[in-house]
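Asker: structure for this input, please:
(one chain, ligands or ions: 2)
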Amino acid sequence: METGALVCTAALIGLGLYWFVWVMGSAEQKGKRAVELKMGSISRDKVQDKYKQYWSFFRRPNEISESAEKEKVPAFVDTFYNLVTDIYEWGWGQSFHFSPSLAGRSHLEATRIHEERASDLIGARPGHRILDVGCGVGGPMRAIAAHSRSNVVGITINEYQVSRARAHNCKAGLDSLCEVVCGNFLQMPFPDSSFDGAYSIEATCHAPKLEDVYGEIYRVLKPGGLYVSYEWVTTPLYRPEDPEQVEVIQGIERGDALPGLRRQDEIAQIAKKVGFEVVREEDLARPPAGPWWARLKMGRLAYWRNHLVIKALSFLGIAPKGVADVHEMLFLTAAHLSRGGETGIFTPMHMILCRKPLDNAAA
Ligand SMILES: C=C(CC[C@@H](C)[C@H]1CC[C@H]2C3=CC[C@H]4[C@H](C)[C@@H](O)CC[C@]4(C)[C@H]3CC[C@]12C)C(C)C
Ligand SMILES: C[S@@+](CC[C@H](N)C(=O)[O-])C[C@H]1O[C@@H](n2cnc3c(N)ncnc32)[C@H](O)[C@@H]1O
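Answerer: Ligands and ions are numbered 1, 2, ... in the order given. All right, here's what the predicted structure looks like:
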């Protein structure tokens with residue numbers, strides 16, 4: 001081959017690689033790049049071990065919440081978010097949840113609309129102090145603060161997410177409205193009756209006992225305050241005697257750090273048990289809502305590309321060992337989640353709106 005042709009071929013390959021890793025490597029336009037993938041606060045040499053420990057803990061997810069192991073759940077959830085936070089940001093964005101798909105709207109818009117819906121349901125407004133229970137890197141918090149101009153305080157168990165959320169808040173110019181605290185939502189570091197409203201988006205599913213987190217939210221809410229949650233639950237279509245369905249549900253639990261999914265009909269009972277009035281309850285995934293799992297299915301080609309990128313970066317020693325295992329786990333989880341959505345046995349958006357009764361002000 002002539003020198004000119006060789007140079008052109010090399011340049012084309014180089015450009016192709018650049019496009020593949022740097023441009024395509026970031027699914028969300030302003031998100032992370034593949035070369036920036038860290039594993040939270042886990043040191044590079046510990047990633048693989050931590051992943052193995054995580055995987056063996058969540059092997060039998062449905063047995064955790066009824067055993068002494070449930071005490072260890074917050075620590076393993078923290079490990080989980082050290083392992084996945086960067087991959088989520090890289091391949092999904094700053095909001096770690098699903099949304100009904102909306103015809104003619106982008107994923108980003110559908111996400112924002114789903115978040116603003118939570119804000120509107122609790123009537124967040126300027127001057128209100130609102131609690132975000134399990135805030136991730138703060139995608140919903142920023143959307144809700146910008147939409148309602150209320151002050152939002154987020155809590156997450158994961159220190160790495162706190163640093164990411166604070167950096168995003170500053171970058172978005174919303175740090176005067178948004179505050180982030182590292183802590184356990186099962187024992188929150190907030191005084192009684194200190195919030196006007198609260199919401200949790202796909203986060204309380206990590207609690208081994210829902211009453212523990214709902215009880216804490218009830219405690220920190222002012223009397224009359226509203227709380228809305230988007231819960232991950234199995235629907236009445238789920239048949240625990242069907243091994244194929246059990247495999248889907250356990251696949252979701254294992255790949256998402258869940259100590260056993262709850263049934264849809266358990267949620268309101270638990271809310272009432274801790275003292276809430278249930279104002280409204282609705283599965284936001286039900287038609288006419290567009291399928292929330294469509295985005296997961298559409299991304300399949302990108303996941304293969306991501307996997308190749310991760311494998312290449314691990315091989316070159318840029319990404320820590322173990323990242324490819326974590327990515328593979330997420331790949332499998334995506335398949336289980338899609339199947340759960342398609343069959344209708346699972347929803348990640350069972351909405352419950354609760355009020356702390358006024359009567360208790362005197363109690
Ligand atoms: C509420 C929770 C998280 C929900 C979702 C934000 C995440 C659930 C599964 C995740 C993903 C699966 C496949 C990944 C893909 C293989 C990778 O290349 C890019 C990232 C994924 C798309 C990733 C993104 C986030 C999820 C959709 C749980 C934890 C309670
Ligand atoms: C799937 S993410 C959702 C994050 C955010 N709500 C969003 O939609 O982007 C779940 C969040 O719950 C938090 N979480 C889980 N268990 C927790 C606990 N015991 N205490 C505090 N935060 C917890 C995780 O750290 C994570 O931030």
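Asker: and the residue nearest to Ala172 when sequence neighbours are not counted, what element?
Answerer: Leaving aside its sequence neighbours, Ala172 sits nearest to Arg142 (C-beta to C-beta, 6 or more residues apart in numbering; 5.3 Å). Just so you know, the C-beta spots here come from the backbone N, C-alpha and C atoms, and that holds for glycine as well. Per DSSP states H and E: Arg142 is located in helix 139-148.
Asker: endpoints of stretch 38-47, how far apart?
Answerer: For stretch 38-47, the first-to-last residue distance is 10 Å (C-alpha to C-alpha, to the nearest Å).
Asker: quick one: mean pLDDT for that stretch?
Answerer: Averaged over stretch 38-47, pLDDT sits at 80.
Asker: can you point out the buried residues in it?
Answerer: Across stretch 38-47, burial judged by 16 or more other C-beta atoms under 10 Å covers 38-40, 42, 46-47.
Asker: residues in contact with it?
Answerer: Identification of contacts with stretch 38-47 by C-beta atoms under 8 Å, 6 or more residues apart in numbering yields 50, 79, 81-83, 85-86, 158-161, 320-323, 326.
Asker: for it, the distance to its chain's centre please.
Answerer: Relative to its chain's centre, stretch 38-47 lies at 20 Å (C-alpha atoms, centre = their mean, to the nearest Å).
Asker: distance check, the residue nearest to the spatial centre of the chain against Ala146.
Answerer: Centroid check for the chain by C-alpha atoms, centre = their mean gives Phe96 as the closest residue, at 3.4 Å. Plainly put, Phe96 is 18 Å away from Ala146 if you go by C-beta to C-beta, to the nearest Å.
Asker: same question for Gly260.
Answerer: According to C-beta to C-beta, Gly260 and Ala146 sit 35 Å apart.
Asker: can you check Gln264 too?
Answerer: 31 Å.
Asker: and Lys171, by the same measure?
Answerer: Using C-beta to C-beta, Lys171 is found at 13 Å from Ala146.
Asker: the two - which one has more neighbours?
Answerer: In terms of neighbours (other C-beta atoms under 10 Å), Ala146 is the more surrounded of Lys171 and Ala146; the figures are 18 against 11.
Asker: what's the closest non-adjacent residue to the more buried one?
Answerer: In this structure, Ala146 finds its nearest non-sequential neighbour in Leu174, 6.4 Å apart by C-beta to C-beta, 6+ apart.
Asker: quick one: name the residues of the stretch 101-250 of the chain near ligand 2.
Answerer: Residues of the stretch 101-250 of the chain lying close to ligand 2 (C-beta under 6 Å from any ligand atom) are 134-136, 139-140, 155-158, 161, 184-186, 201-203, 206.
Asker: of those, buried ones?
Answerer: 134-136, 139-140, 155-158, 161, 184-186, 201-203, 206.
Asker: tell me which of those residues fall in strands.
Answerer: Of these, the ones assigned to strands by DSSP state E are 155-156, 201.
Asker: return only those of those residues found close to ligand 1.
Answerer: Restricting those to those within reach of ligand 1 (C-beta under 6 Å from any ligand atom) leaves nothing.
Asker: now do the phi/psi pair for whichever residue of the stretch 1-150 of the chain sits closest to ligand 1.
Answerer: Nearest residue of the stretch 1-150 of the chain to ligand 1, counting by C-beta to the nearest ligand atom: Gly91, 2.3 Å away. When read as degrees, to the nearest 10, the backbone of Gly91 gives phi -100, psi 0.
Asker: skipping its backbone neighbours, what lies nearest Phe214 in space?
Answerer: In this structure residue 214 is Tyr, not Phe. Leaving aside its chain neighbours, Tyr214 sits nearest to Val274 (4.7 Å; criterion: C-beta to C-beta, 6+ apart).
Asker: and the gap between the one you found and Ala268?
Answerer: Using C-beta to C-beta, Val274 is found at 11 Å from Ala268.
Asker: and for Gln245?
Answerer: Look at Gln245 and Ala268: by C-beta to C-beta, they are 23 Å apart.
Asker: quick one, what contacts Tyr303?
Answerer: The contact partners of Tyr303, by C-beta under 8 Å, 6+ apart, come to 91, 331, 334.
Asker: quick check: PyMOL command selecting the buried ones in these.
Answerer: Here is the PyMOL selection string for the buried members of the contacts of Tyr303, based on 16+ other C-beta under 10 Å:
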select buried, resi 91+334
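Asker: which element is Pro259 on?
Answerer: Assigned by DSSP H and E, Pro259 falls within no helix or strand.
Asker: tally of neighbours for it?
Answerer: Count around Pro259 with other C-beta under 10 Å applied: 25.
Asker: same check on Ala302?
Answerer: 13.
Asker: let me know the secondary structure of it.
Answerer: helix (DSSP: H, G, I helix; E, B strand; the rest coil).
Asker: okay but it is in contact with Arg295, surely?
Answerer: No - with contact defined as C-beta atoms under 8 Å, Ala302 does not reach Arg295; the gap is 10.6 Å.
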